[in-house]
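Enquirer: Need coordinates for the following:
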Amino acid sequence: MNLIKSITDITEKCISCGFCESVCPTLVPGDNNSVFGARGRVILADFAVKNNSDDLELADSFYSCLDCYACVNVCPAGVNAGVVSELMKEFIVSKEQDKKNPIAELIKTAIMEYENPLGLKKESASWASGIEFNESSTYILTGHMYQMMPYTREINKIRKYIDENIIKNMAIALKKHISLIKFAGHFYDKSLKEKMENDLRNIIFLLKKSGVKFGYLGSEEPYPGMFLYDLGYIEEFREYAKRVYGYMAEKRIKKIIAIDPHTYDLLKNIYPKYVSGYNIDVIYYTDLLDLKYNKFEQSITVQEPCHMLLHDNNFNAMNILNSVAEVKLPSRNGKFTMCCGGPDELLFPEIAKKASKQRYMDLKKSADNIVTICPLCYNNLAYDKNVHDFSEFVVKLAKK
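Expert: Just a heads-up that it's a prediction; the model follows:
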């Protein structure tokens, strides 16, 4: 289907009621500027594709969308502003070079060249040193998000002290000399790196204790390509996804254990749309856990992942948490859960920070202990020591 028609088929349903703005997690952090809200994005998209949009600055509006899909659950016309933003990012990428985001261009180039957003495949596998995997298994564990969080946090700390125009010019220069991006390996948050690597080992422990046998591709593991898809590089994503699947097929991989919601959603729901003959079974790691747990004596609240609940993916983590503790969910939960702001960290760290603080305060009203089921959520909500990754929380309760 024609891209413009795909966009207008959605935008023309909008009745401009504004219900979507009440749940859009970027509107308030975007200083209530309408272009950073769901309704504003739909209106802007409709205008842009029906008129000469070459003079419009479109990128910030659509790239700042978190793709959480909260809007569609309150829209009386069934308009999904998240899907509109996804299509508009593809529209922007198809236009002239000077309208593209330089940081997005840099990340795209690194992924296509090195199969990793920062060119750090070897570093991404270092956490698994000394762990025994079942090398003959057609069942593998995958996902780069835990490994990437320490680097993105440190890079964003540095970005606060550099003018945004300088950052964009640096991105343009780095794209021309893409091998230099590997210097990002020297910049990471040490404490977060230790934390994320411990969480990865916790996941391994929980799976093994549940009797699951699986392999790990180590430094050969390709990044699944979610940034390509999320940033609108659809043709590049199509090519890249075929490359990744070809590698998996060569390794005779039949099943994948995904360890973060974004990778799970991408490999389970998006890959089949772009890769002909895709036949890998994708399972979220919490669905494989078969353990007995001790009770947690305090109440907890939970940050439910958008890419599970709002993208219509089922998972077992909440059943486990309800069995071990009294769960007090925040006012926005289930199909109305609120995004942590994490997907904006790459291009809009200030909006991500404001959104995460807003969500953190909302969660704290329910219980002091917060459990997250996504490493991106943990990274953005860990304002105190009472915020726990799911793996860290349940590994302490697993009975010997």
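Enquirer: Longest helix in the protein, by number of residues?
Expert: helix 190-209 (DSSP state H).
Enquirer: Downstream of that one, the next helix or strand is which one?
Expert: Going down the chain from helix 190-209, the next helix or strand is helix 226-230, by DSSP states H and E.
Enquirer: Who are the packing partners of that next one?
Expert: Applying 3 or more C-beta pairs under 8 Å, 6 or more residues apart in numbering; DSSP states H and E, one finds that helix 226-230 contacts helix 102-114, helix 234-250. From N, CA and C alone the C-beta is placed, and that goes for glycine too.
Enquirer: any idea of the angle the last one forms with helix 102-114?
Expert: Just to be clear, that refers to helix 234-250. Relative orientation of helix 234-250 and helix 102-114, computed by axes from the mean of the first three to the mean of the last three C-alpha atoms, to 10 degrees: 30 degrees.
Enquirer: Give me the buried positions along helix 234-250.
Expert: Going by neighbour count (16 or more other C-beta atoms under 10 Å), the buried part of helix 234-250 is 234, 236-238, 240-241, 244-245, 248.
Enquirer: Asn165: which of the residues you listed is nearest?
Expert: Using C-beta to C-beta, Glu236 comes nearest to Asn165 of the buried residues of helix 234-250, at 25.9 Å.
Enquirer: how about the nearest residue to the closest one, chain neighbours excluded?
Expert: Using C-beta to C-beta, 6 or more residues apart in numbering and skipping residues adjacent in sequence, the residue nearest Glu236 is Leu228, 5.3 Å away.
Enquirer: and that neighbour, how many neighbours?
Expert: Applying other C-beta atoms under 10 Å, we find 25 residues neighbouring Leu228.
Enquirer: again, but for the one 3 residues further on
Expert: Applying the criterion other C-beta under 10 Å, we find 26 residues in the vicinity of Leu231.
Enquirer: Also Pro272?
Expert: So Pro272, with other C-beta under 10 Å, has 16 neighbours.
Enquirer: Would you confirm that it contacts Tyr278?
Expert: Yes - look at Pro272 against Tyr278 with C-beta atoms under 8 Å: they come within range, at 4.7 Å.
Enquirer: what sits in contact with each of those two?
Expert: Taking C-beta atoms under 8 Å, 6 or more residues apart in numbering as the criterion, Pro272 and Tyr278 do not both touch any residue.
Enquirer: any low-confidence regions in the stretch 201-350 of the chain?
Expert: By pLDDT under 70, the stretch 201-350 of the chain has no low-scoring segment.
Enquirer: what's in contact with the host helix or strand of Lys157?
Expert: Using DSSP H and E, Lys157 sits in helix 145-159. For helix 145-159, contacts defined as C-beta under 8 Å, 6+ apart pick out 117-118, 120, 123-125, 127, 167, 184-185, 187-190, 192-193, 196-197, 199-200, 259-260, 262-263, 345-346, 349, 374-376, 378-379.
Enquirer: Nearest approach to Ser331 belongs to which of the helices and strands packed on helix 226-230?
Expert: Across the helices and strands packed on helix 226-230, closest to Ser331 is helix 102-114 (C-beta to C-beta), at 33.9 Å.
Enquirer: That closest one versus helix 145-159: what angle between them?
Expert: For helix 102-114 against helix 145-159, the angle by the same axes, to 10 degrees is 140 degrees.
Enquirer: and the very next helix or strand once past helix 102-114, how far out from the chain's middle?
Expert: Counting by DSSP H and E, the next helix or strand C-terminal to helix 102-114 is helix 121-125. Offset of helix 121-125 from its chain centre (C-alpha atoms, centre = their mean, to the nearest Å): 19 Å.
Enquirer: Which helix or strand lies directly C-terminal to helix 121-125?
Expert: For helix 121-125, the following helix or strand on the C-terminal side (DSSP H and E) is strand 139-142.
Enquirer: And that following strand, what does it pack against?
Expert: Counting contacts by 3+ C-beta pairs under 8 Å, 6+ apart, strand 139-142 packs against helix 190-209, strand 255-258.
Enquirer: quick one, which of the helices and strands packed on helix 226-230 is nearest to Pro330?
Expert: The closest of the helices and strands packed on helix 226-230 to Pro330 is helix 102-114. By C-beta to C-beta, the value is 31.8 Å.
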